[in-house]
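**Student:** Test case, fold it:
(2 chains)
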Amino acid sequence: MMASGTLLDLRAVSHFFGSRLIFKGVSCVLEPASIMLVAGPNGAGKSTLLKIMAGLLPPRSGSVQRRVEDRAMAFMGHQTFVYPALSALGNLEFWNRVYGRGLDDAGLLGLLERVGLKGFALEAAGTFSRGMAQRLSLARVLLVEPQLLFLDEPSTGLDTASQALLHAELESARTRGAGIVWISHDLERDLGRADTVLQLSGRSMTYFGPAGEFPGVAA
Amino acid sequence: MRASWLAIAAKDLRLAFAGGQGPVQAVLLGLLLVFIFSLSAAPGDRFSPQQAMAIFWLCSSFAVVLIFSLLFRFEEENDTATALLLSPLPVQGLWLGKTLAGLVLLVLCQVFFFPAALVFLGLDPGGSPGGLVLMVLGVDLGLCILGGLIGAMGHGQGAKDALLTIIVFPLQVPLLLGGIRIGVGLMQGLPLADLGEWFGLVLAFDAVFSGAALFLFPHVFRGE
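**Tutor:** A predicted model of the protein is given here:
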């Protein structure tokens, strides 16, 4: 039974690719207004676990429960989810319709202003740098106003200003009650922002608990 | 849901025409086929109605493969497929949107194929424009229903075009046969009532593959 208020509840989740075990026995919960940092070495299965949490992959065994509607979930990762041939505004207009948010052009331009792209609203997203495209991706996330947000190393390739913007928006999302699952490759930098840490190592979960009690990065 | 799949179709059409390209590749291939086939007849000879209709539908069949390959490529470049799967849009809505966009692009291609077939193949539209429109829409719908489903199967695969070609063409056979027989009947001035069985085949194809696509598309697109 999922505890009242819990946004995400994983019980004894295991996953394989073919016959190769990726991880086993992952159990965790995500509360509202909290950030869960997912740590582990390359190949530990962090991205796979995130996809299972988001419902993009079914787990081979165990259970995943989400107390959030699809329209209140968002994902931000290495890929920017941007249509290069559409303008920045065109991209947001499309997601606005798909999510049924009903924002007018002024609202969408307001989102672009928030991520520093208002001056590029009518330019094709394909001409954007990696950092600008990721800012546009952040605008898509802001459009959704997610209650549950999945982040797969979203700050890869971002400059300092873009990273600061991302962190400020994450803090703002947590303040309004969103739950955030965050894979970070810079644990030392991001640990201070997290409430809980889940560590994968050696094909199993080696830690899940408060960030303040996290013993350190496993090799 | 309606607004969402219409948004998919509108977005795909915008992307297809971005850069002023549209389905140019499909149109050019079709026109080339019509022209090359026209060279196979001796000067002064006419193609039989059956030959002319077969070439017209062959062009349309090749166009469908190119069109749906293009439409699903849009979701690969920056992995927007993942964002769509996470969105509240039912996955079937994605298939509906792609099918609608494909239908618009295919009809656009045929706007070029048809006059080319009139000029080079001596295709005679007959005296039943209503029947002609019904035939084209019925067969086009089937081609696009199938294209939307099979296009998803090739989504994210390196050998996508080969996969599309190998699976699509054999499955299209009954539909193309219906299109050819109805077209020949219309060219020969047969009343629509006499072509009821072939229209029935086309509509049955559309219905069966619509049902199959609604059921299979979510699994196929997720790669399960």
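**Student:** Would you mind listing the buried residues in the one helix or strand in chain A whose mean pLDDT sits lowest?
**Tutor:** The least trusted helix or strand in chain A, going by mean pLDDT, DSSP states H and E, turns out to be helix A:187-190, with a mean of 84. Residues of helix A:187-190 classed as buried by neighbour count (16 or more other CB atoms under 10 Å in any protein chain shown): A:187, A:190. All C-beta atoms are positioned from the backbone trio N, CA, C, and that covers glycine.
**Student:** C-terminal to that helix, what's the next element?
**Tutor:** strand A:196-201 (DSSP states H and E).
**Student:** What mean pLDDT does that following strand get?
**Tutor:** Average pLDDT, strand A:196-201: 93.
**Student:** and the next element down the chain from it?
**Tutor:** As assigned by DSSP H and E, the chain's next helix or strand after strand A:196-201 is strand A:204-210.
**Student:** Quick check: B:F68 touching B:G147?
**Tutor:** Yes. Contact status for B:F68 versus B:G147: in contact at 4.0 Å, counting by CB atoms under 8 Å.
**Student:** shared neighbours of these two, anything?
**Tutor:** Listed contacts common to B:F68 and B:G147 are B:G102; contacts here mean CB atoms under 8 Å, 6 or more residues apart in numbering or on different chains.
**Student:** Give the other helices and strands that the helix or strand bottoming out on mean pLDDT in chain B contacts.
**Tutor:** Here the helix or strand of chain B ranked lowest by mean pLDDT, DSSP H and E is helix B:160-187, holding a mean of 86. Packed against helix B:160-187 by the contact rule (3 or more CB pairs under 8 Å, 6 or more residues apart in numbering or on different chains; DSSP states H and E) you find helix B:49-73, helix B:129-154, helix B:196-222.
**Student:** Give the buried residues for the first one.
**Tutor:** Going by neighbour count (16+ other CB under 10 Å), the buried part of helix B:49-73 is B:49, B:51-72.
**Student:** immediately after that helix, which helix or strand?
**Tutor:** The helix or strand immediately downstream of helix B:49-73 is helix B:80-86, counting by DSSP H and E.
**Student:** does any bit of that next one sit next to chain A?
**Tutor:** Yes. Contact of helix B:80-86 with chain A (CB under 8 Å from any CB of the partner chain) involves B:80, B:82-86.
**Student:** Check stretch B:147-156 too.
**Tutor:** No. Stretch B:147-156 lies apart from chain A when judged by CB under 8 Å from any CB; the minimum separation is 12.5 Å.
**Student:** Buried residues, that stretch. List them.
**Tutor:** For stretch B:147-156, by 16+ other CB under 10 Å, it's B:147-155.
**Student:** just the angle between the least confident helix or strand of chain B and helix B:129-154, please?
**Tutor:** Per axes from the mean of the first three to the mean of the last three CA atoms, to 10 degrees, the angle that helix B:160-187 makes with helix B:129-154 is 170 degrees.
**Student:** Mind listing what's buried along helix B:160-187?
**Tutor:** For helix B:160-187, using 16+ other CB under 10 Å, the buried residues are B:160, B:163-165, B:168, B:172, B:175-187.
**Student:** try stretch B:108-127
**Tutor:** B:108-110, B:112-114, B:116-117, B:120-124, B:126.
**Student:** returning to what we had before: give me the distance from the least confident helix or strand of chain B to the chain's centre.
**Tutor:** Distance, stretch centre to chain centre, for helix B:160-187: 9 Å (CA atoms, centre = their mean, to the nearest Å).
**Student:** Next, the angle helix B:196-222 makes with that helix.
**Tutor:** 160 degrees.
**Student:** sorry, back to before: so can I have a markdown table of the helices and strands packed on helix B:160-187 showing distance to B:W95?
**Tutor:** Formatted as a markdown table, the helices and strands packed on helix B:160-187 follow (distance: least, CB to CB, whole Å):
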| stretch | distance to B:W95 |
| --- | --- |
| helix B:49-73 | 11 |
| helix B:129-154 | 5 |
| helix B:196-222 | 4 |
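**Student:** mind putting those in JSON lines, mean pLDDT included?
**Tutor:** Listed next are the helices and strands packed on helix B:160-187 as JSON lines, based on pLDDT from 0 to 100:
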{"stretch": "helix B:49-73", "mean pLDDT": "93"}
{"stretch": "helix B:129-154", "mean pLDDT": "90"}
{"stretch": "helix B:196-222", "mean pLDDT": "92"}
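**Student:** Ok, which of these comes nearest A:F150?
**Tutor:** helix B:196-222 (16.8 Å; CB to CB).
**Student:** So which bits of chain A are right by chain B?
**Tutor:** Taking CB under 8 Å from any CB as the measure of proximity, chain A contacts chain B at A:54-56, A:58, A:69-71, A:73-75, A:77, A:79-86, A:90, A:94-95, A:97-100, A:124, A:133, A:140.
**Student:** Distance of the residue nearest to B:D194 when sequence neighbours are not counted relative to B:S128?
**Tutor:** The shortest distance from B:D194 to any non-neighbouring residue, by CB to CB, 6 or more residues apart in numbering or on different chains, is to B:G185 (6.6 Å). From B:G185 across to B:S128, the span is 9 Å (CB to CB, to the nearest Å).
**Student:** For the helix or strand hosting A:E113, what does the pLDDT average out to?
**Tutor:** For A:E113, the element it lies in under DSSP H and E is helix A:105-114. Averaging pLDDT along helix A:105-114 yields 95.
**Student:** could you list every residue that touches residue 118?
**Tutor:** Just so you know, I chose chain A. By CB under 8 Å, 6+ apart, the contact set of A:K118 is A:109, A:112.
**Student:** ah, no, chain B please
**Tutor:** B:124-125 are the contacts of B:L118 under CB under 8 Å, 6+ apart.
**Student:** Swap in 10 Å and give it another go.
**Tutor:** When contacts are counted by CB atoms under 10 Å, 6 or more residues apart in numbering or on different chains, B:L118 touches B:34, B:52, B:56, B:124-125.
**Student:** Reformat those into CSV and put distance to chain A next to each item.
**Tutor:** Below are those laid out as CSV (distance: CB to the nearest CB, whole Å):
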residue, distance to chain A
B:V34, 30
B:A52, 37
B:F56, 31
B:D124, 41
B:P125, 36
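**Student:** from the residues you listed, which is closest to B:L103?
**Tutor:** Taking CB to CB as the measure, B:L103 lies nearest B:F56 of the contacts of B:L118, at 16.8 Å.
**Student:** so the residue nearest to that closest one when sequence neighbours are not counted is in which element?
**Tutor:** Of all residues not flanking B:F56 in the chain, B:A117 sits nearest, at 4.9 Å (CB to CB, 6+ apart). In this structure, B:A117 sits in helix B:91-121 according to DSSP H and E.
**Student:** Please enumerate the helices of chain A.
**Tutor:** In chain A, the helices defined using DSSP state H lie at A:46-54, A:88-98, A:105-114, A:130-144, A:160-175, A:187-190.
**Student:** Could I have the CA atoms of the second one written out in CSV?
**Tutor:** Read it as helix A:88-98. Output of helix A:88-98 as CSV, limited to C-alpha atoms (Å, rounded to 0.1, in the frame of the first residue of the first chain):
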residue,chain,number,x,y,z
ALA,A,88,11.4,28.1,-30.0
LEU,A,89,7.9,29.4,-29.8
GLY,A,90,6.6,26.8,-32.2
ASN,A,91,8.1,24.0,-30.0
LEU,A,92,6.3,25.4,-26.9
GLU,A,93,3.1,25.9,-28.9
PHE,A,94,3.2,22.2,-29.8
TRP,A,95,3.7,21.0,-26.2
ASN,A,96,1.1,23.5,-25.0
ARG,A,97,-1.5,21.7,-27.2
VAL,A,98,-0.3,18.2,-26.4
